[in-house]
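>>> model this:
(chains A and B)
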Amino acid sequence: MLLGLTPSRRLLSHRHCLLQSRSIKSENTARSTALDSVLSAFRSICGEDGVSLGEAVRQQHGKDESVHRCCPPDVVVFPRCVEEVSALAKVCSNHRLPIIPFGTGTGLEGGVSAVTGGVCFSLRNMDQVLDVHQEDFDVTVEPGVTRKALNAYLRDTGLWFPVDPGADASLCGMAATSASGTNAVRYGTMRENVLNLEVVLADGNIIHTAGKGRRPRKTSAGYNLTNLFVGSEGTLGIITKTTLRLYGIPEAMVSAVCSFPSVQAAVDSTVQILQAGVPIARIEFLDDVMIDACNRFSSLSYPVTPTLFLEFHGSERSLEEQVHTAEDITQSNGGSDFQWARDAETRNRLWKARHDAWYAALALRPGCKAYSTDVCVPLSRLPQIIVETKEDLIENRLTGPIAGHVGDGNFHCLMVVDPNDPEEQREVHLFTERLARRALAMDGTCTGEHGVGLGKKALLCEEMGPMAIQVMQRLKDTLDPKNLMNPGKVLQPREL
Amino acid sequence: MSGRVLVGVKRVIDYAVKIRVKPDNSSVVTDGVKHSMNPFCEIAVEEAVKMKEKKLIKEVVAVSCGPQQAQETIRTALAMGADRGIHVEVTGKDYETLGPLQISKIMAALAKKEEAQLIILGKQAIDDDCNQTGQMTAALLDWPQGTFASEVSLEGDKIKVVREVDGGLETIKINVPAVITADLRLNTPRYATLPNIMKAKKKKIANMKPADLGVDITSRLEVLRVDEPPQRQAGVKEHKHGARNLAEGTL
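Take a look at the predicted model:
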């Protein structure tokens, strides 16, 4: 069991990244010679332009938006269709080269780091929106399509894909990490919204997890392969198509803000709003430290106490009822300063604090970097975990304003860290481990949205228990016996 | 005052599509390519619908010229809140050579026929980038024009328009009736929602031909050739000494 700190989890500066990547390259000279003999095979599959050894390109494809250091692959390939992906995978399989799928590189857990080198499959050239079925509320997309691009494409149809993790991520990448977002309380996460996947396995075989071209809204046919691959973070196969469930664009939206005397009051209001059957679309929690940061950053004057940001979707009439019910509930829990707005400009102003939260947190300590923690617990345990976490932050003098998707019991501490202070980085790392274990102790999970990636493999073992991990490992061994698919992620290396 | 606003909407290749030139260099590939309403026309429709919601005007009429598919674009305008549509049918070779001069003649004729008090157009189309239709329409009607509008307010029988110009912002006041062309920052167009798309199916679209309006759509322009921009060449790494010489050799 690899518990505790390992060098790979230190936060390193850019200069260190380059030094590290050079030493990896020299370690991999044996692999490099093997690589030369496959480069011509790659070029014959993707064309001359479809293979890159350039250092800048490899650097770009070895990191995401996490704090994990850049681990560039040995080569980046740019397939244009699933047949090319399959052919490339076969070559990699024959030569035992690691395969790292790459969408937009917007992940937060180091999922694209090529820790043992290998071949990065950059899927950005497969960027078509295929088969929009307006009446059936579904669409199929390739990995190069991002969620904003899809919603722009669909704008004339009255439909949208509401899962919104913040970044403009690849939809197939979102499927691979089982992404979620601020809308999950009403529209669900990727797990609920992926109907079918086309996946290229480690041996190059192509499968359709629900059958080719199939898109029924529900099914009870066979093992749920679709949701096996959703959240597998590239360790079981390369997703080359995803069929998504669409929703009607809301007729109207209302946003509201409300301040509370305590975290408990805010969470109680959330639970009661959900219990009252209000189909609330977004319900976001900001703690007092975060609100203070937002006030300063955006020149606002919200009361510096736990605050809820709410958004309602529906027809004009249903919105009136929803807002009315929510306002009553918040008032009965000691909520004050309830403001709400219907038109786009005022709504954006009300929510500006929440939208700028990341930058507001960074502005607390200029020159620092931010790292977002991510745990999720049952709603009833949320006040306790937030209170204990805040005590932990204060006791250890760490900067960690809190923002959360409180309707799902999921919250993030935006840890603001000095990249040149290894002691502080160590403290933050220990803090995040304590936080994850606190969540596990409360029947929760160590990762609500961001995935396991590089940094939470040990925590996954604690969360799942040895028997479930064994089953996961057996599935992995069956689908990828040579351990070529995104090595070093999700599952611990097996003890020999 | 009729309280009627005409909005021109053009069907163009969607802004997100990678444009390809046909092998014979005659034009760009349009078959099987996603089309949608010109983004500046969306802004024009939004502005008109906003005026109607504020009860400053009574009716929004969406106009499009082209083949059968132009009706899709009109339907989108109807789903955004326009009241009815007019489809001026132009097909085949005539459609390929349709340009700002012909459109402005059609718009002028319709403005008289419909007794419009305001015409709102997008400032330009993203396929030809002509930026001429609004100006030509105003000239044909001898109406004032407020082009590149980033802000429009009706003040009695006058309109105040804030225009985005090279030097900054220019505010003018023009008489009604007038032609306005919408610039990027005028507003943020709404998305068409499913219920509104359903309602739009019941709204009326009138059909007519340019001849019905007494308009001659013969083109005075002939497209000789269409080429892609030259391929970007790879950069050349300058040797350190070479770079110094380069700097010394500069004028």
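
>>> which residues does the closest residue to chain A within the stretch 151-251 of chain B contact?
Using CB to the nearest CB, the single residue of the stretch 151-251 of chain B nearest to chain A is B:Leu194, 3.8 Å away. Placement of C-beta: from N, CA and C, glycine included. Neighbouring residues of B:Leu194 by CB atoms under 8 Å, 6 or more residues apart in numbering or on different chains: A:158-159, A:248-249.

>>> Cross-check the residues you listed against chain B and keep the overlap.
Residues shared between these and the neighbourhood of chain B are A:158-159, A:248-249 [CB under 8 Å from any CB of the partner chain].

>>> Up against chain A, what does chain B have?
B:14, B:16, B:34, B:36-37, B:72, B:76, B:79, B:188, B:191-197.

>>> secondary structure class for B:Gln231?
The assignment at B:Gln231 comes out as coil when based on DSSP: H, G, I helix; E, B strand; the rest coil.

>>> actually A:Val76, not the one I wrote
Quick answer, by three-state DSSP: A:Val76 is strand.

>>> Please give me every residue in contact with it.
Applying CB under 8 Å, 6+ apart, we find A:Val76 in contact with A:51-52, A:57-58, A:61, A:102, A:119-120, A:122.

>>> switch the cut-off to 10 Å
Going by CB atoms under 10 Å, 6 or more residues apart in numbering or on different chains, A:Val76 touches A:42, A:50-54, A:57-62, A:100, A:102, A:114, A:119-122.

>>> now swap in B:Gly92 and tell me
Contacts of B:Gly92 (CB under 10 Å, 6+ apart): B:Pro67.

>>> any chance you could read off phi and psi for it?
For B:Gly92, the backbone dihedrals (degrees, to the nearest 10) come out as phi 60, psi -140.

>>> Need the pLDDT of it.
pLDDT, B:Gly92: 92.

>>> Roughly how far does it sit from B:Ile205?
21 Å (CB to CB, to the nearest Å).

>>> can you map out the helices along chain B?
B:39-53, B:70-80, B:92-96, B:100-114, B:133-141, B:194-200, B:240-248 (DSSP state H).

>>> Chain B contacts on the stretch 201-350 of chain A?
With CB under 10 Å from any CB of the partner chain as the criterion, the stretch 201-350 of chain A meets chain B at residues A:247-252, A:315, A:344-345, A:348.

>>> Pull out the buried members of those.
A:247-251 (16 or more other CB atoms under 10 Å in any protein chain shown).

>>> Dump these to TSV, plus secondary structure, distance to B:Lys158 and pLDDT.
Formatted as TSV, these follow (DSSP: H, G, I helix; E, B strand; the rest coil; distance: CB to CB, whole Å; pLDDT from 0 to 100):
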residue	secondary structure	distance to B:Lys158	pLDDT
A:Tyr247	strand	44	96
A:Gly248	strand	41	94
A:Ile249	coil	36	93
A:Pro250	coil	37	91
A:Glu251	coil	35	89
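
>>> any idea which of those is closest to A:Pro72?
A:Tyr247 (38.7 Å; CB to CB).

>>> thought that closest one was touching A:Thr157?
No - look at A:Tyr247 against A:Thr157 with CB atoms under 10 Å: they stay out of range, at 11.4 Å.

>>> State the distance from the residue of the stretch 251-400 of chain A found nearest chain B to B:Ala182.
Here the residue of the stretch 251-400 of chain A nearest chain B is A:Glu251; by CB to the nearest CB that distance is 4.9 Å. Distance check for A:Glu251 against B:Ala182: by CB to CB, it reads 24 Å.

>>> go on, A:Ser178?
Where B:Ala182 is concerned, A:Ser178 sits at a distance of 42 Å (CB to CB).

>>> Compare neighbour counts for the two and give me the winner.
B:Ala182 (31 against 21; other CB atoms under 10 Å in any protein chain shown).

>>> pLDDT score for that one?
For B:Ala182, pLDDT reads 98.

>>> Equivalent analysis for A:Thr389, please.
Each residue has a pLDDT score; the one for A:Thr389 is 95.

>>> same thing with A:Arg69?
At A:Arg69, pLDDT is 87.

>>> what does A:Ser21 give?
Confidence score, pLDDT, at A:Ser21: 48.

>>> where does chain B have low pLDDT?
Counting by pLDDT under 70, chain B has low-confidence residues at B:1-2, B:241-251.

>>> ranges for the helices of the stretch 51-200 of chain A?
In the stretch 51-200 of chain A, helices defined by DSSP state H, counting those that start in this stretch lie at A:55-60, A:82-94, A:147-153, A:171-177, A:184-187, A:190-193, listed in chain order.

>>> Remind me what the fourth one packs against, helices and strands.
The helices and strands touching helix A:171-177, judged by 3 or more CB pairs under 10 Å, 6 or more residues apart in numbering or on different chains; DSSP states H and E, are strand A:99-102, strand A:138-141, helix A:147-153, helix A:190-193, strand A:194-200, helix A:225-229, strand A:238-245.

>>> Give me the distance from that helix to the chain's centre.
8 Å (CA atoms, centre = their mean, to the nearest Å).

>>> could you give the mean pLDDT of that helix?
Across helix A:171-177, the per-residue pLDDT values average to 97.

>>> ditto for the fifth one
The average pLDDT within helix A:184-187 is 95.

>>> The last one now?
Here the mean pLDDT over helix A:190-193 is 96, rounded to a whole number.

>>> Which positions in that helix come out as buried?
A:190-191, A:193.

>>> If I look at A:Ile386, what pLDDT would I see?
A:Ile386 is given a pLDDT of 92.

>>> Oops, could you answer that again for A:Thr29 instead?
Reading off the model, A:Thr29 has pLDDT 61.

>>> now swap in A:Glu284 and tell me
Confidence score, pLDDT, at A:Glu284: 94.

>>> Three-state assignment for it, please.
Three-state assignment for A:Glu284 (three-state DSSP): strand.

>>> and the gap between the closest residue in space to it that isn't next to it in sequence and A:Arg349?
Among residues not flanking A:Glu284 along the chain, A:Phe309 sits closest, at 4.3 Å (CB to CB, 6 or more residues apart in numbering or on different chains). Note on A:Phe309: its distance to A:Arg349, by CB to CB, is 12 Å.

>>> Name the residues contacting each of the two.
By CB under 10 Å, 6+ apart, the residues touching both A:Phe309 and A:Arg349 are A:Ser255.

>>> More neighbours: which of these two?
A:Phe309 (23 against 14).

>>> so what's that one bridging to?
Beta-bridge partners of A:Phe309, counted by DSSP bridges, are A:Val257, A:Glu284.

>>> and it, what does it touch?
Contact analysis of A:Phe309 by CB under 10 Å, 6+ apart lists A:182, A:255-258, A:282-286, A:302, A:350-351, A:353-355, A:357, A:403, A:406.

>>> Quick one: the helices in the stretch 301-450 of chain A, in order.
Counting by DSSP H, counting those that start in this stretch, the helices of the stretch 301-450 of chain A are A:316-332, A:344-355, A:357-364, A:382-395, A:422-441.

>>> for chain B, what are the nearby residues on the stretch 51-200 of chain A?
Looking at chain B, the residues of the stretch 51-200 of chain A close enough under CB under 10 Å from any CB are A:127, A:129, A:132, A:134, A:137, A:149, A:151-160.

>>> Show me the one of the helices of chain B that comes nearest A:Pro487.
Of those, nearest to A:Pro487 by CB to CB is helix B:240-248, at 40.7 Å.

>>> Domains in chain A, by residue range?
For chain A, the TED database gives the domain ranges A:34-122, A:129-215+A:225-248, A:250-364, A:365-450.

>>> List the pairing partners of the lengthiest strand in chain B within its sheet, with orientation.
The longest strand of chain B (DSSP state E) is strand B:145-155. Counting by DSSP bridges, the strands paired with strand B:145-155 are strand B:158-165 (antiparallel), strand B:178-182 (parallel).

>>> Give me whichever of those is most buried.
strand B:178-182 (a mean of 28; mean count of other CB atoms under 10 Å in any protein chain shown).
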